[in-house]
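Engineer: Here's my sequence, what's the structure:
(one chain, ligands or ions: 2)
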Amino acid sequence: MSIDLKGLDSLEMEHWAREHGFPAYRGRQIHSWLFRRLAASFDDMSDLPKSLRSFLAREATLNHLELVDSLYSEDGTRKYLFELVDGMTIESVLIPERDHWTLCVSSQVGCAMGCRFCLTGRQGFKRNLSPAEIVDQVIQVRRSMESPERLTNIVLMGMGEPLANYENVVRALRILVSETGMNFSHRKITLSTSGLVPEMIRLGKDITVNLAVSLNAADNETRNNLMPVNRRYPIEALLDACRAFPLPHRRMITFEYILIDGINDTKEDARRLLKHLSGLRAKVNLIPLNPHHGSPFSSPPLERILAFQEMLLDHHLTAIIRKSKGQDILAACGQLSGKHPATGA
Ligand code: SAH
Ligand code: SF4
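Structural biologist: Ligands and ions are numbered 1, 2, ... in the order given. Next up, the predicted model:
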């Protein structure tokens, strides 16, 4: 069976090399070609002997994704459409920030969580991504950039619920932060979850990354209606897990709160939210709902959004209004479907 090289860490690659009769340092060389030098083919690996290169071509998979299309937004956001080897498609979104780029990475094809406001959720679940398919999004996007080193931040906020694909996601994260590999900083990786409590607890023990929690409502009835996961893990259980989450010095948990017209946008909602988050090291990202075709929801008017924010700020809770980027190319939060609007393919 062909081996997924991009799902292996440095030690595993050394081991693989030895197992196949090559010295361990060849494994380290391959590792460096893949994650540092972003090799696009085994032939690029010019300091490997030809015999090893042809062995690799026979025995290993180098590319797990094929870039089939990319779209640019007016605001500089770029959306990549990748095809997987089984023909399914996923998306990654590269977002310009003031002095760096952030890549929004997918963890599953579709999503099983069924949140009512989310286009990915409406598609249903197709399958988990392998560690190599998650890591390859970062490699391929870097390869397409003029200054790959300026891609410093990663958010697991693309298609899928990362904690529902726990093992593969954690393995991918370990590869991304590995010092001999891509060397991303733990502080610059954020995992966003809809609130799978047992896996949140496990994550805190297994690896250090920033946590974002999609709260989106301040009472259980509203949250039950928007996010079926709340019936399993209601707000109180979710916030208990957040309180217990090990946070590095001066770090905070980000709570995402989509503002939906007439559903969760009153002053009373803001008051309840304040109460829930009191005592937590928390900041809030307010995301005016991104509309998509067939969704019954819309974003509140601007004055209500500002009033909601003001209420939180008045009580010393950091609250940022996150204008989603890339809306014109359906690259914003909750708009990823693995299909491109131009072709619908
Ligand atoms: N499954 C994970 C990560 C992917 S979703 C999670 O739910 O956290 C990433 C973010 O997009 C979540 O915060 C989600 O609440 C938000 N989102 C989904 N649909 C949206 C929409 N229509 N408008 C704005 N944000 C949306
Ligand atoms: Fe899945 Fe997140 Fe969308 Fe909910 S918001 S359906 S968890 S991707």
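Engineer: how many neighbours does the closest residue to residue 89 other than its chain neighbours have?
Structural biologist: Leaving aside its chain neighbours, residue 89 sits nearest to residue 338 (4.1 Å; criterion: CB to CB, 6 or more residues apart in numbering). Every C-beta, even on glycine, is put in place using the N, C-alpha and C of the backbone. By the measure other CB atoms under 10 Å, the count of residues near residue 338 is 22.
Engineer: can you check residue 179 too?
Structural biologist: Neighbourhood size, residue 179 [other CB under 10 Å]: 8.
Engineer: Let me see the contact set for the residue nearest to residue 89.
Structural biologist: Under the criterion of CB atoms under 8 Å, 6 or more residues apart in numbering, the contact partners of residue 338 comprise 81, 88, 89, 90, 91, 109, 110, 123, 159.
Engineer: Against residue 206, how distant is residue 250?
Structural biologist: 22 Å (CB to CB, to the nearest Å).
Engineer: Can you pick out the residue with more neighbours from these two?
Structural biologist: When residue 250 and residue 206 are compared on other CB under 10 Å, the one with more neighbours turns out to be residue 206, at 14 against 6.
Engineer: Report the secondary structure element holding the residue nearest to residue 89.
Structural biologist: Using DSSP states H and E, residue 338 falls within no helix or strand.
Engineer: swap in residue 285?
Structural biologist: In this structure, residue 285 sits in strand 282-288 according to DSSP H and E.
Engineer: Of all the residues in the next helix or strand after that strand, which ones are buried?
Structural biologist: Sequence-wise, the next helix or strand downstream of strand 282-288 (DSSP H and E) is helix 302-314. Neighbour counts over helix 302-314 (16 or more other CB atoms under 10 Å) mark 304, 305, 308, 309, 311, 312 as buried.
Engineer: Then stretch 59-68?
Structural biologist: By 16+ other CB under 10 Å, the buried positions in stretch 59-68 come out as 60, 61, 62, 63, 64, 65, 67.
Engineer: Count the neighbours of the closest residue to ligand 2 within the stretch 151-300 of the chain for me.
Structural biologist: Among the residues of the stretch 151-300 of the chain, residue 194 lies closest to ligand 2, at 3.6 Å counting by CB to the nearest ligand atom. Residue crowding around residue 194 was assessed by other CB under 10 Å; the count is 25.
Engineer: what do you get for residue 11?
Structural biologist: Neighbourhood size, residue 11 [other CB under 10 Å]: 14.
Engineer: What values do phi and psi take at the most centrally placed residue in the chain?
Structural biologist: The residue at the geometric middle of the chain, judged as the C-alpha nearest the mean C-alpha position with CA atoms, centre = their mean, is residue 156 (1.2 Å). For residue 156, the backbone dihedrals (degrees, to the nearest 10) come out as phi -90, psi 80.
Engineer: which stretch of helix or strand covers residue 167?
Structural biologist: In this structure, residue 167 is located in helix 166-177 according to DSSP H and E.
Engineer: picking that back up, give me the lowest-pLDDT entry from the contacts of residue 338.
Structural biologist: By predicted confidence, the contacts of residue 338 are weakest at residue 123, whose pLDDT stands at 87.
Engineer: who does the helix holding residue 167 touch, helix- and strand-wise?
Structural biologist: In this structure, helix 166-177 makes packing contacts with helix 131-143, strand 189-193, helix 197-206, judged by 3 or more CB pairs under 8 Å, 6 or more residues apart in numbering; DSSP states H and E.
Engineer: Check the secondary structure at the closest residue to ligand 2 within the chain for me.
Structural biologist: Nearest residue of the chain to ligand 2, counting by CB to the nearest ligand atom: residue 121, 2.6 Å away. Taken by DSSP: H, G, I helix; E, B strand; the rest coil, the conformation at residue 121 corresponds to helix.
Engineer: list the contacts for it?
Structural biologist: Residues touching residue 121, when contacts are defined by CB under 8 Å, 6+ apart, comprise 111, 113, 114, 115, 334.
Engineer: rerun at 7 Å
Structural biologist: Residue 121 sits next to 111, 113, 114, 115 when contact means CB atoms under 7 Å, 6 or more residues apart in numbering.
Engineer: got it, and residue 267?
Structural biologist: Residues near residue 267 by CB under 7 Å, 6+ apart: 307, 311.
Engineer: Could you check how far it is from residue 304?
Structural biologist: From residue 267 across to residue 304, the span is 9 Å (CB to CB).
Engineer: what about stretch 134-150, how long is it end to end?
Structural biologist: From its first residue to its last, stretch 134-150 covers 19 Å (CA to CA, to the nearest Å).
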